[in-house]
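A.B. asks: Structure for the following, please:
(2 chains)
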Amino acid sequence: MHESPRLDATLAALVDPTRRAILARLAKGEATINELAAPFPISQPAISRHIRVLEEAGLIQRRVDGTRRPCRLTPGALDELDSFLEMLRKGMERSYERLDQLLARMPPGRKDKP
Amino acid sequence: MSKLTLQREGDTGVVITRRFAATPADVFRAHTEPALLQQWCLGPDGWTMPVCICDARPGGTMRYEWRNEAGAGFHLTGEFVEVLAPHRIVHVERMHLPDPTPDNRVETTFTADGNGTLMVMRMALPDQATREAMLATGMADGMEVGYARLDRRWSK
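C.D. replies: Residues are numbered from 1 along each chain as shown, chains lettered A, B, ... in the order given. So this is what the prediction gives:
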């Protein structure tokens, strides 16, 4: 939550379901653009554009391996998002649990008019 | 009392519902009185809300500042549009992380429901991308990323 420009770029990159699917695939290991494109009914240039967005957001990296340029997840790239996600995901339900307890402690007698 | 539900509505909306075992009047107070908000609206354990301004009347402003034990923090600002105690609040809010997130228009209703209150919170995000980004932040739909993280952990 300290580096918000990075978080903004992360969120913008994650808006697209194809990009989220690409990240999920890369979580299993390195893959080339051809391999990444295979499951999707969209063109390879379109996949390349998604890869570029993910790369610019710092979420993935490409390395040179002979003629191949495989992509992989950037280690730690999602850490900042993780702490923010944790906050939102757990936060809302935890807040309402706390509100349940607070409401149970509130003195009786303030009833709504029918 | 009951689990939170969260669903998409239309192209840019999100609807959250939750039931409480209290009257709409009490639930309304808990959402509008700073001294009460500071006791529950804290997110995960370990966070506090040292600043809570909540001027719940049309045109009134809100400012919530959160801090955690590690000293991290962020805040939310907003303006009230409609306030009809104890049943309806409309406000516009944004998070500052510290850059402001796009404005989120929130309509919250508290309706008597048996012995309790049904809260329905309708959020109108400015566009579909913002809505999806919000949902992608794991509130409902960021599961691919969640799975990716699990996979990553397992693969270590």
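A.B. asks: how many neighbours does the closest residue to A:Leu99 other than its chain neighbours have?
C.D. replies: Spatial nearest neighbour of A:Leu99, chain neighbours left out: B:Trp40 (4.2 Å); criterion: Cβ to Cβ, 6 or more residues apart in numbering or on different chains. Yep, even glycine has a C-beta here, placed from its N, CA and C like the rest. Residues lying near B:Trp40 (other Cβ atoms under 10 Å in any protein chain shown) number 19.
A.B. asks: Surely B:Trp40 touches B:Arg29?
C.D. replies: No: between B:Trp40 and B:Arg29 there is no contact under Cβ atoms under 8 Å: 11.5 Å.
A.B. asks: Tell me where chain B has strands.
C.D. replies: Remark: strands assigned in chain B by DSSP state E are B:5-9, B:13-20, B:47-54, B:61-68, B:73-84, B:88-96, B:104-113, B:116-124.
A.B. asks: Same list, those strands, but as JSON lines with distance to A:Ala12 please.
C.D. replies: Output for the strands of chain B, formatted as JSON lines (distance: least, Cβ to Cβ, whole Å):
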{"stretch": "strand B:5-9", "distance to A:Ala12": "19"}
{"stretch": "strand B:13-20", "distance to A:Ala12": "18"}
{"stretch": "strand B:47-54", "distance to A:Ala12": "26"}
{"stretch": "strand B:61-68", "distance to A:Ala12": "24"}
{"stretch": "strand B:73-84", "distance to A:Ala12": "18"}
{"stretch": "strand B:88-96", "distance to A:Ala12": "15"}
{"stretch": "strand B:104-113", "distance to A:Ala12": "16"}
{"stretch": "strand B:116-124", "distance to A:Ala12": "19"}
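A.B. asks: Make a markdown table out of the ones you listed and add mean pLDDT.
C.D. replies: Below are those laid out as a markdown table (pLDDT from 0 to 100):
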| stretch | mean pLDDT |
| --- | --- |
| strand B:5-9 | 80 |
| strand B:13-20 | 88 |
| strand B:47-54 | 94 |
| strand B:61-68 | 93 |
| strand B:73-84 | 94 |
| strand B:88-96 | 93 |
| strand B:104-113 | 95 |
| strand B:116-124 | 93 |
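A.B. asks: Need these in JSON lines (columns: mean neighbour count and distance to A:Leu99).
C.D. replies: JSON lines is the format used below for the strands of chain B (neighbours: other Cβ atoms under 10 Å in any protein chain shown; distance: least, Cβ to Cβ, whole Å):
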{"stretch": "strand B:5-9", "mean neighbour count": "13", "distance to A:Leu99": "16"}
{"stretch": "strand B:13-20", "mean neighbour count": "19", "distance to A:Leu99": "7"}
{"stretch": "strand B:47-54", "mean neighbour count": "16", "distance to A:Leu99": "13"}
{"stretch": "strand B:61-68", "mean neighbour count": "18", "distance to A:Leu99": "15"}
{"stretch": "strand B:73-84", "mean neighbour count": "17", "distance to A:Leu99": "17"}
{"stretch": "strand B:88-96", "mean neighbour count": "18", "distance to A:Leu99": "15"}
{"stretch": "strand B:104-113", "mean neighbour count": "17", "distance to A:Leu99": "12"}
{"stretch": "strand B:116-124", "mean neighbour count": "19", "distance to A:Leu99": "10"}
